[in-house]
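Trainee: next input, structure requested:
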Amino acid sequence: MSLFTTSTRCYVPSPDMVLLKKVGASQCYQGSGVSMFANKSRSQPSLSQSLVLKHKKYPVQVLCSQKKVIPIVEARSMDEIYDTLAERLVPTAASGTSTSVKHIVGLAGPPGAGKTTIASEIVKRVNKIWPQKSCSFDSQVEPPEIAVVLPMDGFHLYRHQLDSMENPKEAHARRGAPWTFNPDLFLKCLKTLREQGSVYAPSFDHGVGDPVEDDVFVNVQHKVVIVEGNYILLEDGTWKEVSSMFDEKWFVDLDIDIAMERVLKRHIGTGNTPELAKQRIEYNDRPNAELVYKSKKNADLIIKSVAL
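Mentor: Got it, this is the predicted structure:
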């Protein structure tokens, strides 16, 4: 997804969204799948200026910053956000002519932001809507699923790899930090997906505490792949190469304190005492979340998570 701004125009590539209103806007142009606004002023839009888009039945607000135009998706409920983003992806999937060509979306966000749920809900809706939009299959035959989730969690280092580190105790305590993953293997997986159109990827067994090899299969029929994970928009080392593999980069934005409350409940739910859960959050989860938030600026689209 390409977003850019000039001194007089704000471009928002959204094929089936209709722009309703913009503070200070004088004209609205639509064509070639791009909604374009020409502002009366020659100055850049301020943080308070906004674009309000209507996608089908849900309002979507797009805020413009002075340095970079990043659409922000907001709604009254997460269901509305799921529907809006699924509708956004379906035309891309339906227009593809080659089964091996993938539209890969990177979905980043801090622990507790709801990335896994968002990815799975959007994929479920894309698979439901796509048959209605595509004419490439026999209506008498059940259409294949064309969207799938590829989680980053499967690329955790194994426990025995943490054991072999210089400070195993620290490695296990900080599990979930960027250096406790294998970004090189992750990058290799994404490159294989790009080059060959299909790939086997690992999942993560939270009960065992280790990856499960070849547990996720992205096949040639999958046109949309949502890759979700904390660090996929980082700019350091191999992570930067990982980030370059995505056609679109989405970031789930949620107040860090609310995110940590969710993580606290998750830790307690797995058998930790409240005291141990709080210690883990302060020592590991919150520092990780703060690092992830720094990568928000690299996103093409920001999803405002609705705190329930």
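
Trainee: how is the protein carved up into domains?
Mentor: As recorded under automatic domain parsing, the domains making up the chain are 1-74, 89-301.

Trainee: which of these sits closest to Ala307?
Mentor: The closest of the domains of the chain to Ala307 is domain 89-301. By C-beta to C-beta, the value is 5.0 Å. Just so you know, the C-beta spots here come from the backbone N, C-alpha and C atoms, and that holds for glycine as well.

Trainee: so where's the stretch 1-150 of the chain shaky on pLDDT?
Mentor: Residues of the stretch 1-150 of the chain meeting the criterion pLDDT under 70: 1-67, 93-100, 134-141.

Trainee: can you do 90?
Mentor: Scanning the stretch 1-150 of the chain for pLDDT under 90 picks out the ranges 1-69, 90-101, 130-144.

Trainee: just give me the residue right at the centre of this protein.
Mentor: Leu107 (1.4 Å; C-alpha atoms, centre = their mean).

Trainee: my guess is it contacts Ala119. True?
Mentor: Yes: the criterion here is C-beta atoms under 8 Å, and Leu107 meets it with Ala119 at 5.4 Å.

Trainee: next, count neighbours for the residue lying closest to Pro274 once chain neighbours are set aside.
Mentor: Spatial nearest neighbour of Pro274, excluding adjacent residues (C-beta to C-beta, 6 or more residues apart in numbering): Ile268 at 6.0 Å. Counted with other C-beta atoms under 10 Å, the neighbours of Ile268 add up to 14.

Trainee: which strand or helix spans Ile268?
Mentor: Here Ile268 sits within helix 256-269, counting by DSSP states H and E.

Trainee: the helix or strand following that helix packs against which elements?
Mentor: As assigned by DSSP H and E, the chain's next helix or strand after helix 256-269 is helix 274-280. Counting contacts by 3 or more C-beta pairs under 8 Å, 6 or more residues apart in numbering; DSSP states H and E, helix 274-280 is packed against helix 256-269.

Trainee: CA atoms only: put the helix it packs on into PDB for me.
Mentor: Listed next in PDB are the C-alpha coordinates belonging to helix 256-269 (Å, rounded to 0.1, in the frame of the first residue of the first chain):
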ATOM      1  CA  ILE A 256      -0.300   0.300  26.500                       C
ATOM      2  CA  ASP A 257      -1.800   0.100  30.000                       C
ATOM      3  CA  ILE A 258      -5.000  -1.600  28.600                       C
ATOM      4  CA  ALA A 259      -2.800  -4.000  26.500                       C
ATOM      5  CA  MET A 260      -0.800  -4.900  29.700                       C
ATOM      6  CA  GLU A 261      -4.000  -5.500  31.600                       C
ATOM      7  CA  ARG A 262      -5.000  -8.100  28.900                       C
ATOM      8  CA  VAL A 263      -1.600  -9.700  29.200                       C
ATOM      9  CA  LEU A 264      -1.900  -9.800  33.000                       C
ATOM     10  CA  LYS A 265      -5.100 -11.700  32.700                       C
ATOM     11  CA  ARG A 266      -3.500 -14.000  30.100                       C
ATOM     12  CA  HIS A 267      -0.600 -14.900  32.500                       C
ATOM     13  CA  ILE A 268      -2.900 -15.500  35.400                       C
ATOM     14  CA  GLY A 269      -5.100 -17.600  33.200                       C
END
